[in-house]
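Participant: give the three-dimensional model of this entry:
(2 chains)
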Amino acid sequence: GNSVTQMEGPVTLSEEAFLTINCTYTATGYPSLFWYVQYPGEGLQLLLKATKADDKGSNKGFEATYRKETTSFHLEKGSVQVSDSAVYFCALILNTNAGKSTFGDGTTLTVKP
Amino acid sequence: NAGVTQTPKFRVLKTGQSMTLLCAQDMNHEYMYWYRQDPGMGLRLIHYSVGEGTTAKGEVPDGYNVSRLKKQNFLLGLESAAPSQTSVYFCASAREGSYYNEQFFGPGTRLTVL
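Facilitator: Numbering: from 1, shown residues only, chains lettered A, B, ... in the order given. I've put the predicted structure just below:
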């Protein structure tokens, strides 16, 4: 079956530190890959996405590259801010799945000033 | 443009009571989904719909029913609530036709079953 495995949290960083959250996937086919962010008390919102191998998604200083050879989609940011504190979810969609997403368990990031 | 809205935001039920959660979207999306979110377990799909009048089971459908009588609304029902259904419930919607369309989420309903 399809699955997404995320780096276990929680992750605590100081402001301006470099962030990496690992995400690997297993899929029967070629999925699209997504990172969603969930701020406290809110629903998930799309952070970035990539739809084919070697694509790089980017938004708000975050980046992730679709690596087919390692089945990975790691999230990175060069300099985190306190406002980046949230839960981050990696997800995939297959083209045969009526848009159904498979989500990782989420990684909680706390950034301290 | 409100996006995806959910009603109610919070609810406390006693075991055996019933309730309906309402999800509404104003983006004319064909696909709609109900998830539950539990600590350390990510999001699990309960039921989904690919269009008005259609519904299908997701990963954890037991104890829930759904209806999609209107394209913009997707209702989730609990006929006889159990403590194991204590969770945060999220509704989401998406455009049809392409597997690279992201989902748009509502703000969630926090349900406690005593």
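Participant: please, which helix or strand holds residue B:97?
Facilitator: Using DSSP states H and E, residue B:97 maps to neither a helix nor a strand.
Participant: what's the offset of the lowest-mean-pLDDT helix or strand in chain A from the middle of its chain?
Facilitator: Across the helices and strands of chain A, mean pLDDT, DSSP states H and E gives its lowest value to strand A:101-103, namely a mean of 90. Distance of strand A:101-103 from the chain centroid (Cα atoms, centre = their mean, to the nearest Å) equals 11 Å.
Participant: strands of chain B, residue ranges please.
Facilitator: Taking DSSP state E, the strands of chain B run over residues B:4-7, B:10-13, B:19-25, B:31-37, B:43-49, B:56-57, B:65-67, B:73-78, B:87-94, B:104-105, B:109-113.
Participant: looking at the ones you listed, which is closest to residue A:12?
Facilitator: strand B:31-37 (21.9 Å; Cβ to Cβ). In short, each C-beta sits where N, CA and C put it, glycine included.
Participant: give the partner strands of that closest one in its sheet and their orientations.
Facilitator: strand B:43-49 (antiparallel), strand B:87-94 (antiparallel) (DSSP bridges).
Participant: CSV please, covering these and showing mean pLDDT and mean neighbour count.
Facilitator: Output for those, formatted as CSV (pLDDT from 0 to 100; neighbours: other Cβ atoms under 10 Å in any protein chain shown):
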stretch, mean pLDDT, mean neighbour count
strand B:43-49, 94, 22
strand B:87-94, 95, 24
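Participant: what's the closest of these to residue B:25?
Facilitator: strand B:87-94 (4.3 Å).
Participant: between strand B:73-78 and the closest one, find me the angle.
Facilitator: 160 degrees (axes from the mean of the first three to the mean of the last three Cα atoms, to 10 degrees).
Participant: hey, C-alpha coordinates of stretch B:40-50 in CSV?
Facilitator: What follows is stretch B:40-50, C-alpha atoms only, in CSV (Å, rounded to 0.1, in the frame of the first residue of the first chain):
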residue,chain,number,x,y,z
GLY,B,40,0.5,10.9,16.9
MET,B,41,-1.6,9.4,14.2
GLY,B,42,-1.7,12.0,11.5
LEU,B,43,-5.0,12.3,9.6
ARG,B,44,-7.1,9.3,8.8
LEU,B,45,-9.7,9.4,6.1
ILE,B,46,-13.2,8.5,7.3
HIS,B,47,-15.4,8.9,4.1
TYR,B,48,-15.1,10.9,0.9
SER,B,49,-17.2,12.0,-2.0
VAL,B,50,-16.3,12.5,-5.6
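Participant: can you name the residues in contact with it?
Facilitator: Applying Cβ atoms under 8 Å, 6 or more residues apart in numbering or on different chains, the external contacts of stretch B:40-50 come out as A:44, A:89, A:98-101, A:103-106, B:30-38, B:55-61, B:64-66, B:68, B:74, B:76, B:89-90, B:96.
Participant: flag every residue of chain B that's near chain A.
Facilitator: B:4, B:31, B:33, B:40-43, B:45, B:48, B:50, B:56, B:58, B:90, B:92, B:94, B:96, B:99-108 (Cβ under 8 Å from any Cβ of the partner chain).
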